[in-house]
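Visitor: just coords:
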């Protein structure tokens, strides 16, 4: 008598794996498909604007000593080319350095107080140290300074950051963090997150990025003390809503690191590389050792130094996009060409440094702007959706 | 109007080939030229008592085959044909068939009953034959009708119930059918033939009887009649009655409590002393009860709160008597039962049931079984030793590890010795039990492990020795090694205890695969499958050398298959089977070696040769594309990446052939998957082949013949192609999108109560979203605006899927990703689409709260994409 179909296998487990092979193939294909779509998602959405490197060597920078007032004006736009992370990851050496150097958000210096500061902005204390771009992928973590040069290569608990942790996710996963390396406690303070496990956060709001830093960083173990597979500790910074209490807390509250000014981030702003008015830096002597630019010996020069770019048309401009032409006139102006400097100053830095030497924007001014309520009552028409 | 076809029907059964062929041709011609009259003529033939039985029989068969077919596509075509026939002719045919039920010729009414059921299955759901049930019941209620008419009528009712769904009948109709059927079982009133037909009809009607079973009086009456039938004098009636009880056990489990005492006694008696056919059903009754309770337990575990179905713990209550009853059956083995896989007897059924009982009750079974094991395992009679071993092997699953592991540790040595027993059955069962142990109790992740570096050498030695035993034992040993290897799969430390033995085991398995004393190819394929598992589960650092040695050996064996002498078709089949096994091994090797940076280059070196072999395998089989070779090529494409391009010209024709293989739908499905692999390997270099591929894929989707399970992979494949070729997909997109929209509408209309259909629905939904994702991402850079007109339809579909609260997680992942893709690709242009769609946010929140990291991250990405367009 033949066994009923569903009872048959008990003592006769036919080891036929064809079905299993089919299933494993399907699983592999599904995973590959997921990876491919995933890659398309994060690459396409993180296509970054990249100013072509070719023109750069021809752009010597001019270091100027400025003795008198100067004014800015609109400049000429430089050619843009779309460049994505996939291509960038193939760059090596000098090219790679140049590319990575362009990937950070560069806060403008606060020369006016933005409207609606208390509603639309965050504030946090900038740790003192080297700003860097930390990329974890393929089992290694690399930090690069603003000029693109490598600061550290090390294993870390970031996703894909060490070979010892075969954490979930596709092999080509990478994460990119915007950090400041704080020498004293050998810690990377994460001030922004650009990519996490291959997901691009370029197009996410600061609000979301900060939320993500807090939830993801601890989860992966990157905030743990250093170990063999995790050479440097990472730490988030405390971000406050820029209301009265938040600003005071940021300005006066204790932090585990040496302070270097306050950073203000607009909550809705995306991660826009290069200079942006939606992220601002402000310093005074209370919260920074580096308010006024110093020379190599740490002394404050008697005159303000500017670093500007000399364009092809012989105009001298700031690093802004579009560049701001600085009209050079007046006395006491001395210039020297210095090819070693990578970046020209931004217009806002020039102005901030100028005002710091004369009538700086003080904390009291900031606090006053919050309490004066000009955010709320004075501008009811200026709501966000008004343009629609 | 009917035509005379007696002669043609008789000639079609002639021994003379020429006569037969001509008759068949003329019948076919008739059928093609005038189907209605052809069917009418067949019915006339079948109903005519003056015609020879041979022509009537064939007429019935042809009629049946004109209404139903195994293949779903053909079946639906036949149904359409029948529905299109003129109503007057159809009713003539039906009248003739119903009349035939009253025939005194059993073969005629029996065939007619089947044909009526086929027509009923087409017409009753459309309420097109409302009088059928009344007509049939009329036969039962009129006095003085011959017994054969009642028998025929009951049989017809049974067939009709088997064909239709209970929703197709009103409760009143169900009631009258059940009354007629149950009355037909009445011992006092009816002949044994009528009662047998009635009992079998009841079996088919049980699914209709839910309302009746919920009524205590009716239920008592039905159960009384079934239990009486179960002790009837006639063995076939008893068997039919027990078949009813098996069905009742699973359909009406929750109502069984009052009858269990009786049912226990009935089944115990049947197991002990009835004929085997009846005893098997009695054991099956308990197996079904176990199935129900195991299901209930799993369900309870899943949702602790208010599980509606009560667990009556029948097995636990019956345990003290049930287990001895089952152990008794184990001693009734037949000689040679292990040599033939088609044998099913009381001892096998008993062992199977014992295994289910163990899974149902867990630990309490152990003290009831172990004394039997200990008492019998040393007896001189092999029946006792085998039964003891089988009993032990049967209870390994169910009890906790803590309970079973000490017994296994204590008994392992004994079991290993049993593999040397003088009796083949004992050795067979001992080998099987070892396999069960490795499958169920061997997991190095557990704190306590039964396999240690101390006992492993002896285990391996015994296994390798027993692999030389007779084929049935050797096959079980392969199974044991398979599970032994699997148990070491996830060894954390990196180094596997099994690694030192890898070479010896592989060598033995290769030798086993070459054995010629096995009647069929099962031992050989078991050996190869075991090799596959060894490779898959091995630690690459410790196994790569051995795998690299194995690779050329397997390649060589595959190339030898091309030289086999092929004359007979079964030789062709054997060649194909062997090639299947070898391609399977190659596939596993390709995947293993290409998965690691250190070994991938070594594999790539052989890629040309391997591909050449696969192409030769294809070339050997003109009729179809070899499935395993296709599967392996997918793995190779993944491994070689863009280099796969050089094989494309040669390979493309087989790809086309695979995509056109409607009959062997698995082949078609696998080929579709391979297209995806190639897309990812070649990226836009696949473009020159896309016209052909897309044309075939679109044809596949439109086919009524192709198994529906292939359709979801095709949609996913659209996404793969679009992602690979980007904007160049534009020329295919209108066609693909039309199909996707149509499939989305099919999803919307699916019957939510049909579980199997829902499962298919999930696959279909997921694949449609994957297609959209691929197209949106592929078009993003250059052609995004192309998708604008399609966005509203997609959003409707998203909403539909969102509203299905039971959707499975894979669908959720796909739907949340596609929302992000839509926003990513089309940007602020589709802002308006998201305006009134609060459900998107709800969906995001649901996903962000999930425990599934991947889902959370996808949702986060989508949130980012949505955020971007909403603030802009």
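Guide: Received the coordinates, thanks. A quick note: this is a predicted structure, and the numbers were derived from the prediction, not measured.
Visitor: Now do the residue nearest to residue B:235 when sequence neighbours are not counted against residue B:289, distance only.
Guide: For residue B:235, ignoring the flanking residues on the chain, the nearest one in space by CB to CB, 6 or more residues apart in numbering or on different chains is residue B:275 at 5.2 Å. C-beta here means a position set from N, CA and C on the backbone, and glycine is covered the same way. Distance, residue B:275 to residue B:289, using CB to CB, to the nearest Å: 22 Å.
Visitor: got it, and residue A:158?
Guide: Separation of residue A:158 from residue B:289 (CB to CB): 55 Å.
Visitor: quick one: contacts of the helix or strand containing residue B:687?
Guide: Assigned by DSSP states H and E, residue B:687 belongs to helix B:687-702. If you take CB atoms under 8 Å, 6 or more residues apart in numbering or on different chains as the criterion, helix B:687-702 is touched by B:648, B:652, B:655-656, B:659-660, B:662, B:668, B:672, B:675, B:686, B:706, B:710-711, B:714, B:717-718, B:721, B:725, B:728, B:732, B:735-736, B:739.
Visitor: returning to what we had before: out of residue B:275 and residue B:289, which sits in the more crowded spot?
Guide: It is residue B:289, of residue B:275 and residue B:289, that has more neighbours when counted by other CB atoms under 10 Å in any protein chain shown, with 27 against 12.
Visitor: So for the helix or strand hosting residue B:405, what gets flagged as buried?
Guide: For residue B:405, the host element (DSSP H and E) is helix B:401-418. Neighbour counts over helix B:401-418 (16 or more other CB atoms under 10 Å in any protein chain shown) mark B:403, B:404, B:405, B:407, B:408, B:409, B:411, B:412, B:415, B:416, B:418 as buried.
Visitor: if I read this right, the fifth one contacts residue B:440, doesn't it?
Guide: This means residue B:408. No. In terms of CB atoms under 8 Å, residue B:408 does not count as a neighbour of residue B:440; the distance is 9.1 Å.
Visitor: what's the overlap in contacts for those two?
Guide: Taking CB under 8 Å, 6+ apart as the criterion, residue B:408 and residue B:440 both touch residue B:396.
Visitor: Can you tell me the SS state at the closest residue to chain A within chain B?
Guide: In chain B, the residue that lies nearest chain A is residue B:344 (3.3 Å; CB to the nearest CB). For residue B:344, the assignment made with DSSP: H, G, I helix; E, B strand; the rest coil gives coil.
Visitor: okay, now it: neighbour count?
Guide: Residues near residue B:344, counting by other CB under 10 Å, number 19.
Visitor: Correct me if wrong: it contacts residue A:3.
Guide: Yes. The pair residue B:344 / residue A:3 is scored as a contact, 3.3 Å apart, by CB under 8 Å.
Visitor: Give me the pLDDT for residue 221.
Guide: Chain wasn't specified; assuming chain A. Listed pLDDT for residue A:221 reads 86.
Visitor: nope, chain B please
Guide: Note on residue B:221: pLDDT of 95.
Visitor: In chain A, which residue sits nearest chain B?
Guide: residue A:3 (3.3 Å).
Visitor: Could you verify that that residue is part of a strand?
Guide: No. With three-state DSSP as the criterion, residue A:3 is coil rather than part of a strand.
Visitor: I'd like the buried residues of helix B:401-418 laid out as a markdown table, including pLDDT and distance to chain A.
Guide: As requested, the buried residues of helix B:401-418 are exported to a markdown table (pLDDT from 0 to 100; distance: CB to the nearest CB, whole Å):
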| residue | pLDDT | distance to chain A |
| --- | --- | --- |
| B:403 | 93 | 21 |
| B:404 | 93 | 18 |
| B:405 | 91 | 21 |
| B:407 | 94 | 20 |
| B:408 | 94 | 18 |
| B:409 | 92 | 23 |
| B:411 | 93 | 18 |
| B:412 | 94 | 20 |
| B:415 | 95 | 15 |
| B:416 | 96 | 19 |
| B:418 | 96 | 15 |
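Visitor: Can you tell me which of the residues you listed lies closest to residue A:269?
Guide: Closest approach to residue A:269 among these (CB to CB): residue B:405, at 60.4 Å.
Visitor: now that closest one: how far from residue B:766?
Guide: Remark: distance between residue B:405 and residue B:766 (CB to CB) = 41 Å.
Visitor: tally of neighbours for residue B:552?
Guide: Other residues close to residue B:552 by other CB under 10 Å number 11.
Visitor: Could you list the low-confidence segments of the stretch 751-872 of chain B?
Guide: Residues of the stretch 751-872 of chain B meeting the criterion pLDDT under 70: B:871-872.
Visitor: contacting residues for the closest residue in space to residue A:294 that isn't next to it in sequence?
Guide: In space, and not counting its chain neighbours, residue A:294 is closest to residue A:300: 5.5 Å by CB to CB, 6+ apart. By CB under 8 Å, 6+ apart, residue A:300 lies in contact with A:292, A:293, A:294.
Visitor: please redo it, this time with the cut-off set to 10 Å
Guide: Residue A:300 is in contact with A:291, A:292, A:293, A:294, A:357, counting by CB atoms under 10 Å, 6 or more residues apart in numbering or on different chains.
Visitor: Surely the third one is in contact with residue A:356?
Guide: Yes. Between residue A:293 and residue A:356 a contact is recorded at 9.1 Å, counting by CB atoms under 10 Å.
Visitor: For the two, list the residues in contact with both.
Guide: Common neighbours of residue A:293 and residue A:356, using CB under 10 Å, 6+ apart, are residue A:304.
Visitor: Verify the assumption that residue A:278 is located in a strand.
Guide: Yes. Residue A:278 sits within a strand when classified using three-state DSSP.
Visitor: Please tell me I have it right and it contacts residue A:265.
Guide: Yes. Counting by CB under 10 Å, residue A:265 is a contact partner of residue A:278 at 7.3 Å.
Visitor: More neighbours: which of those two?
Guide: Higher neighbour count among residue A:278 and residue A:265: residue A:265, with 26 against 19, using other CB under 10 Å.
Visitor: where's residue B:496 relative to residue B:439, distance?
Guide: According to CB to CB, residue B:496 and residue B:439 sit 18 Å apart.
Visitor: In chain B, where is pLDDT below threshold?
Guide: B:1, B:300-309, B:444-448, B:490-494, B:623, B:871-872.
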